[in-house]
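Q: all I have is the shape, not the residue letters:
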C-alpha cells in the first residue's frame, strides 16, 4: 500500500489538512515517518517555485501523487459554476496552470470544491452544464501531457453538485474524457454512500485517487470506519494508486500523521 498525506504549500484556511506551510520542515517529517508520497495542495502555481518543490520532494525520496486545487475556491472563490463568466474562466485557467507540474511529477489534478455549488438564481441543470463544459476543456488541455483529473464526490453539507459515486460516474459519462476519473474520500462516503464497499466496487477502474479520514474526519483509526474492509474493496478493483491522508490535525498534526501511518501499515494490506 502506497501512502501519502496532504501538505499545503500555503497556510490554508481549509481545516482538514494536517500540514500547512513550513514546507521544508514538514516534508522532512513526512518522509521520516515512512510516507511514500506527499499530496500537494497548491492554490496558485504561479506563486510557488515548482522547481524547488520538485527538488525537495525528490531529495526526501517522495513522489507527488496528486495536486489539490481547493484553495482556489476557499481563498479566492473561483469555481466552474459561478454565475460570473469571468470567475468561471479564471477557475478553468487555474486548473490549466497546474498541468505542467502535474505532467512533470505524474500527479493527478484534483477537482474538489473548485467545481462550485448551485448559487442563487442558477438552476441545477445550468450549473451542471457549466461543470461539464469546464471539465471537458480542462481534460482536452491535459490530454497531450498525459495528465489525469479526478473529480471528488463531496457530501451534501459542502456542495449541491455531485455528492456520491453514482452521480460522479454519471458526470464522467457526460464529459466523455478518458483522462477524467473519480477521487473517493472515506469521510464523504460515510455520509453519502449506503455501503462504502459497494460504492467503491461501482467506481471500479474509474477511481484515480483515494482519500482517507475516519468518520469524525480525524486520522484513520480514530473513529468507527472499517478501513480493512474499505481498502480491501479498493484494492480488489485493481486500484494501485496512493491512499492519501486528508484529515484534521487533531490532536495535532504530528500525532495525527504518525497515528495514521501506524494504523494503516498495521492493517497489513
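A: Great, that's in hand. Keep in mind it's a predicted model, so treat the numbers as computed, not measured.
Q: end-to-end on stretch 234-245?
A: End-to-end distance for stretch 234-245, by Cα to Cα, to the nearest Å: 15 Å.
Q: can you give me the neighbour number for residue 219?
A: Burial of residue 219, expressed as a neighbour count using other Cβ atoms under 10 Å, amounts to 28. All C-beta atoms are positioned from the backbone trio N, CA, C, and that covers glycine.
Q: hmm, it is touching residue 259, no?
A: Yes - taking Cβ atoms under 8 Å as the definition, residue 219 is a contact partner of residue 259 at 5.2 Å.
Q: can you give me the strands for the stretch 1-150 of the chain?
A: Taking DSSP state E, counting those that start in this stretch to define them, one finds strands in the stretch 1-150 of the chain at 2-8, 19-20, 37-41, 66-68, 108-111, 149-151.
Q: and the ones you listed: which comes nearest residue 124?
A: Closest to residue 124 of these is strand 149-151 (Cβ to Cβ; 16.5 Å).
Q: avg pLDDT for the top helix by length along the chain?
A: In the chain, assigned by DSSP state H, the helix with the most residues is helix 85-105. What helix 85-105 shows for mean pLDDT is 98.
Q: for it, buried residues please.
A: 87, 88, 90, 91, 92, 94, 95, 98, 99, 101, 102, 105 (16 or more other Cβ atoms under 10 Å).
Q: am I right that residue 269 is in contact with residue 232?
A: Yes - using Cβ under 8 Å, residue 269 is in contact with residue 232, at 6.7 Å.
Q: what is the least confident helix or strand in this protein?
A: strand 19-20 (a mean of 64; mean pLDDT, DSSP states H and E).
Q: in the stretch 151-269 of the chain, which spans are strands?
A: With strands called from DSSP E, counting those that start in this stretch, the stretch 151-269 of the chain shows them at 180-185, 207-212, 242-245.
Q: tabulate the ones you listed (CSV), appending mean pLDDT and distance to residue 157.
A: As requested, those are arranged in CSV below (pLDDT from 0 to 100; distance: least, Cβ to Cβ, whole Å):
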stretch, mean pLDDT, distance to residue 157
strand 180-185, 98, 13
strand 207-212, 98, 16
strand 242-245, 98, 21
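Q: if we can go back for a sec, any idea which of the strands of the stretch 1-150 of the chain is most buried?
A: The highest average neighbour count among these, using mean count of other Cβ atoms under 10 Å, belongs to strand 66-68 at a mean of 29.
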